[in-house]
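> Have a look at this prediction, sequence included:
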Amino acid sequence: MELFGMPVINVYLTVLIIAGLATVLYLFFSDISEGIGEASPFLDPAVILAFISFTSAVGYILELMTDWNHLLILLLALATATLLDFLLYFFVLLPLKSAEVSLAYTDESLTGRVGKVIVPVPVDGFGEIVIESVNGIISKRAAGYENQPIDYGKEVLIIEVKEGTFIVKEYEPFRFK
């Protein structure tokens, strides 16, 4: 059977190559079309390009490997592409869209972390601690819990944050005896 003056197998291959190139271009320029997929998940260019690629790939393979009717191959290719597209959307694209990676932190999110004293904390005064995180080393003002002094180099546990000051207590790691 011929379509557009070419054998159907060549049409599938041509569409597969064009869809593959369009997918690569979409990877580079996806920020331009960022809002398109917000109206409906089926209008998302990644979903559409994947559907076209899956359809043409399955159609090409079936045309190459079997002697089935061309209409049956097209229907099987469409059904397979629909299934693969749903799997791609719900198990890959949707989790990626909802994943949030941020380097931002709040002072309250550091509560419960362990830091190290770099400026001694005096009674009724302030010292300084550093906390290692994925953002790097964070330096913060600290005061002793119940106004206890803490020496330089001691590990401290952040108990709470009050008006930008970290209330800390000397850290005593749990050890089995």
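Now that the structure is in, tell me what you want to look at.
> which residues sit against stretch 119-133?
Defining contact as CB atoms under 8 Å, 6 or more residues apart in numbering, one finds that stretch 119-133 is touched by 105, 110, 113-118, 137-144, 147-152, 156, 158, 165-166, 168. In short, each C-beta sits where N, CA and C put it, glycine included.
> Quick one, which of those residues are buried?
Neighbour-count burial (16 or more other CB atoms under 10 Å) is assigned, among those, to 110, 113, 115-117, 140, 142-144, 150, 156, 158, 166, 168.
> Residue ranges in this structure under the pLDDT threshold?
With pLDDT under 70 as the threshold, the chain has low-confidence stretches at 1, 4, 33-42, 100-103, 135, 177.
> Check whether the residue nearest to Glu160 when sequence neighbours are not counted sits in a helix, strand or coil.
The shortest distance from Glu160 to any non-neighbouring residue, by CB to CB, 6 or more residues apart in numbering, is to Ile167 (4.8 Å). The three-state label given to Ile167 by DSSP: H, G, I helix; E, B strand; the rest coil is strand.
> which residues does Ile167 contact?
Ile167 neighbours (CB under 8 Å, 6+ apart): Ala142, Ala143, Gly144, Tyr145, Ile158, Ile159, Glu160, Val161.
> circling back: now render the buried ones among the contacts of stretch 119-133 as JSON lines, adding secondary structure.
As requested, the buried ones among the contacts of stretch 119-133 are arranged in JSON lines below (three-state DSSP):
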{"residue": "Leu110", "secondary structure": "helix"}
{"residue": "Arg113", "secondary structure": "coil"}
{"residue": "Gly115", "secondary structure": "strand"}
{"residue": "Lys116", "secondary structure": "strand"}
{"residue": "Val117", "secondary structure": "strand"}
{"residue": "Lys140", "secondary structure": "strand"}
{"residue": "Ala142", "secondary structure": "strand"}
{"residue": "Ala143", "secondary structure": "strand"}
{"residue": "Gly144", "secondary structure": "strand"}
{"residue": "Ile150", "secondary structure": "strand"}
{"residue": "Val156", "secondary structure": "strand"}
{"residue": "Ile158", "secondary structure": "strand"}
{"residue": "Phe166", "secondary structure": "strand"}
{"residue": "Val168", "secondary structure": "strand"}
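> Dump those into JSON lines; add distance to Leu83 as well.
Formatted as JSON lines, the buried ones among the contacts of stretch 119-133 follow (distance: CB to CB, whole Å):
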{"residue": "Leu110", "distance to Leu83": "46"}
{"residue": "Arg113", "distance to Leu83": "46"}
{"residue": "Gly115", "distance to Leu83": "51"}
{"residue": "Lys116", "distance to Leu83": "54"}
{"residue": "Val117", "distance to Leu83": "59"}
{"residue": "Lys140", "distance to Leu83": "52"}
{"residue": "Ala142", "distance to Leu83": "57"}
{"residue": "Ala143", "distance to Leu83": "60"}
{"residue": "Gly144", "distance to Leu83": "62"}
{"residue": "Ile150", "distance to Leu83": "61"}
{"residue": "Val156", "distance to Leu83": "55"}
{"residue": "Ile158", "distance to Leu83": "50"}
{"residue": "Phe166", "distance to Leu83": "53"}
{"residue": "Val168", "distance to Leu83": "56"}
